[in-house]
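Undergrad: this is a predicted model, with the sequence first.
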Amino acid sequence: MRQKSGQQKPTADKAIDDICRATRKSYSAEEKIRIVLEGLRG
């Protein structure tokens, strides 16, 4: 089946995507460096 171009996602899927984006953790540069160093050590 082909979808029409311009067809939007159902609202439930869009709401889930928005929630996932909003709850995504952001790390500071300091935290990122610490995570990388831990990975290199262990």
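TA: Cool, got the structure.
Undergrad: tally of neighbours for Lys14?
TA: Using other CB atoms under 10 Å, Lys14 is surrounded by 11 other residues. For every residue, glycine as well, the C-beta is placed using N, CA and C.
Undergrad: how far does the helix or strand of the chain with the lowest mean pLDDT sit from its chain's centre?
TA: None of the helices or strands of the chain scores lower by mean pLDDT, DSSP states H and E than helix 11-22, at a mean of 82. Centroid displacement of helix 11-22 relative to its chain, using CA atoms, centre = their mean, to the nearest Å, is 11 Å.
Undergrad: would you mark the buried spots in that helix?
TA: Within helix 11-22, no residue counts as buried by 16 or more other CB atoms under 10 Å.
Undergrad: just the CA trace of that helix, in PDB.
TA: Presented in PDB, the C-alpha positions along helix 11-22 are these (Å, rounded to 0.1, in the frame of the first residue of the first chain):
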ATOM      1  CA  THR A  11      -2.300  11.800  16.600                       C
ATOM      2  CA  ALA A  12      -1.400   9.000  19.200                       C
ATOM      3  CA  ASP A  13       1.900   8.300  17.400                       C
ATOM      4  CA  LYS A  14       2.700  12.000  17.200                       C
ATOM      5  CA  ALA A  15       1.900  12.400  21.000                       C
ATOM      6  CA  ILE A  16       4.300   9.500  21.800                       C
ATOM      7  CA  ASP A  17       7.000  11.000  19.700                       C
ATOM      8  CA  ASP A  18       6.600  14.400  21.400                       C
ATOM      9  CA  ILE A  19       6.800  12.900  24.900                       C
ATOM     10  CA  CYS A  20       9.900  10.900  24.000                       C
ATOM     11  CA  ARG A  21      11.600  14.000  22.700                       C
ATOM     12  CA  ALA A  22      10.600  16.100  25.700                       C
END
